[in-house]
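Trainee: quick one: sequence plus predicted model below, questions after.
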Amino acid sequence: MALIETVDLWKTYTMGDEEIHALRGVSIKIERGEYVAIMGPSGSGKSTLMNLIGCLDTPSKGSYLLNGKQVSQMNDNELARIRNEEIGFVFQTFNLLPRATALRNVELPLVYAGVSAKEREQRARGALEKVELAQRMNHRPNELSGGQRQRVAIARALVNNPSILLADEPTGNLDSKTGIEIMAVFERLHAAGNTIVLVTHEADVAAYAHRSIMIRDGQVENDVRRAA
């Protein structure tokens with residue numbers, strides 16, 4: 001059973017009298033443990049697809065199965081649980097709380113999940129160790145470099161042991177050297193068994209993934225696996 005399966009997924013927005021089709025019948029399967037880049041130029045529909053995979057939005061038609069379950073049949077509480085526990089999000093803009101330390105930022109999803117303070121700290125420390133940032137756990141975002149902030153954001157995404165790590169242009173705000181370091185973090189996480197779905201318009205970032213799905217005009221243009 002695929003971890004992610006979309007069948008004839010459409011997303012249509014109404015702008016005045018006009019209908020904009022952001023996605024036009026996208027069908028893809030992503031297995032557990034894969035490392036996939038979703039590529040496409042600006043306006044291709046890749047971010048729309050990511051929002052649907054991340055349960056941040058609902059399709060206009062078609063179906064999305066996550067772990068074999070129909071997402072459209074889930075209620076708000078189930079969807080909130082999935083966004084908090086099943087999917088770890090990494091954004092281009094880090095989205096860290098400026099006054100909180102790295103450790104407290106990483107703990108945040110566990111606060112929403114109702115985890116005890118002691119276990120929260122233990123798990124947040126473990127997640128920071130995975131991204132090699134344990135020695136900076138008591139620093140605030142303004143005391144960290146861009147690459148370190150993105151590592152904190154990755155640790156926060158990992159803290160609930162999610163089924164999927166969903167990264168949207170994770171190197172977009174970083175210089176190329178730091179971007180390479182962040183991609184090395186993803187490489188290690190994938191080797192440790194994490195499923196990673198990376199949304200990017202940059203071919204050199206997509207090249208790290210083992211499979212690239214190119215989206216153009218809301219449709220899958222090609223789907224290529226890299227030779228092992």
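Mentor: It's in.

Trainee: rest of the way, CA atoms for contacts and neighbours
Mentor: OK.

Trainee: between the two ends of stretch 60-72, what distance do you get?
Mentor: 11 Å (C-alpha to C-alpha, to the nearest Å).

Trainee: show me what the residue nearest in space to the middle of the chain bridges to in the sheet.
Mentor: When the chain is reduced to its mean C-alpha position, the closest residue under C-alpha atoms, centre = their mean turns out to be residue 166, at 1.2 Å. For residue 166, the beta-bridge partners are residue 89, residue 197 (DSSP bridges).

Trainee: mind listing what's buried in the helix or strand of the chain with the lowest mean pLDDT?
Mentor: Every helix and strand of the chain was ranked by mean pLDDT, DSSP states H and E. The lowest is helix 76-81, at a mean of 89. Using 16 or more other C-alpha atoms under 10 Å as the test for burial, helix 76-81 gives residue 79.

Trainee: residues in contact with stretch 111-120: which ones?
Mentor: Where contact means C-alpha atoms under 8 Å, 6 or more residues apart in numbering, the residues beyond stretch 111-120 that reach it are 84, 85, 107, 110.

Trainee: wait, which of these is closest to residue 91?
Mentor: Out of the contacts of stretch 111-120, the one with the shortest distance to residue 91 is residue 84. That distance is 14.7 Å, counting by C-alpha to C-alpha.

Trainee: pretty sure the closest one is touching residue 109, no?
Mentor: Yes - using C-alpha atoms under 8 Å as the test, residue 84 is close enough to residue 109 to be in contact (6.3 Å).

Trainee: now do the helix or strand containing residue 110: distance to the chain's middle.
Mentor: Residue 110 is part of helix 102-112, with elements assigned from DSSP states H and E. Centroid separation for helix 102-112 versus its chain: 17 Å, with C-alpha atoms, centre = their mean, to the nearest Å.

Trainee: same question for stretch 55-69.
Mentor: When distances are taken as C-alpha atoms, centre = their mean, stretch 55-69 is centred 16 Å away from the chain's centroid.

Trainee: what does stretch 133-146 give?
Mentor: On the basis of C-alpha atoms, centre = their mean, stretch 133-146 sits 22 Å off its chain's mean C-alpha point.

Trainee: also stretch 11-22?
Mentor: Per C-alpha atoms, centre = their mean, the displacement of stretch 11-22 from the mean C-alpha position of its chain is 26 Å.

Trainee: repeat that for stretch 3-20.
Mentor: 20 Å.

Trainee: got the contact list for it?
Mentor: 21-32, 48, 53, 58-68.

Trainee: find the nearest non-adjacent residue to residue 88, please.
Mentor: residue 157 (4.0 Å; C-alpha to C-alpha, 6 or more residues apart in numbering).

Trainee: got the angle between the host helix or strand of that neighbour and helix 102-112?
Mentor: Using DSSP H and E, residue 157 falls within helix 146-158. Computed with axes from the mean of the first three to the mean of the last three C-alpha atoms, to 10 degrees, the direction of helix 146-158 lies at 20 degrees from that of helix 102-112.

Trainee: and the angle from the longest helix belonging to the chain to helix 146-158?
Mentor: Secondary structure of the chain read by DSSP state H shows that its longest helix is helix 176-191. Helix 176-191 runs at 20 degrees relative to helix 146-158, counting by the same axes, to 10 degrees.

Trainee: and helix 176-191, which residues are buried?
Mentor: For helix 176-191, using 16+ other C-alpha under 10 Å, the buried residues are 178, 179, 180, 182, 183, 185, 186, 187, 189, 190.

Trainee: where's the fifth one relative to residue 204, distance?
Mentor: From residue 183 over to residue 204 the distance is 10 Å, taken as C-alpha to C-alpha.

Trainee: thank you, goodbye.
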